[in-house]
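**Student:** Let's see this in three dimensions:
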Amino acid sequence: MDTTIEIDRTLSIGFDELTFSASRSSGPGGQHVNKVSSRITLRFDVDCSPSLSDAQRARIRERLATRINQEGILMVHAQQHRSQLRNRELAIERFADLLRQALHEDVVRKATRTPRRAHRKRVEHKRRKSQTKALRKRPSTDD
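**Tutor:** Model prediction:
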């Protein structure tokens with residue numbers, strides 16, 4: 001297993017910055033759920049991470065504000081699988097996806113104008129369509 005999680009080309013986070021804890025999973029499952037701690041909680045301290053720049057830290061704090069607690073810790077839970085190991089892998093995957101989405105910069109749309117020729121062409125087409133439809137109507141009887 002690698003010692004880092006690759007977020008993008010410029011950022012990777014080491015496993016030493018993550019804390020994992022196991023607890024009992026909720027929901028149906030019979031006796032198995034009551035005796036096995038298969039739910040994994042991944043904790044990542046956003047404020048104290050040496051891997052993040054100040055700009056990245058601010059962006060993560062802004063975009064993931066609902067998932068970060070007062071102490072600046074991002075928590076990710078995984079309890080989908082019965083296996084603790086698979087839940088751990090799932091939590092890591094979700095964590096990486098969250099950071100990728102938070103750090104992704106949207107491309108700013110550059111406003112453009114419709115070319116004059118295209119505008120004229122569209123209006124001319126509308127005029128021709130209108131004439132064609134007008135010719136289909138019954139002639140009026142204004143005698």
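**Student:** Give me the distance between the residue lying closest to R100 once chain neighbours are set aside and R43.
**Tutor:** Nearest residue to R100 in three dimensions, chain neighbours excluded: I7, at 5.9 Å (CB to CB, 6 or more residues apart in numbering). (Each C-beta comes from the backbone N, C-alpha and C, glycine too.) Taking CB to CB, to the nearest Å as the measure, I7 falls 17 Å from R43.
**Student:** neighbour-wise, which of the two wins?
**Tutor:** Per other CB atoms under 10 Å, whichever of I7 and R43 has more neighbours is I7, with 20 against 17.
**Student:** which phi and psi does that one have?
**Tutor:** As for I7, its main-chain torsions (degrees, to the nearest 10) stand at phi -90, psi -50.
**Student:** Which strand or helix spans the residue nearest to Q80 when sequence neighbours are not counted?
**Tutor:** Excluding its sequence neighbours, the residue lying closest to Q80 (CB to CB, 6+ apart) is L90, at 6.0 Å. Using DSSP states H and E, L90 sits in helix 84-103.
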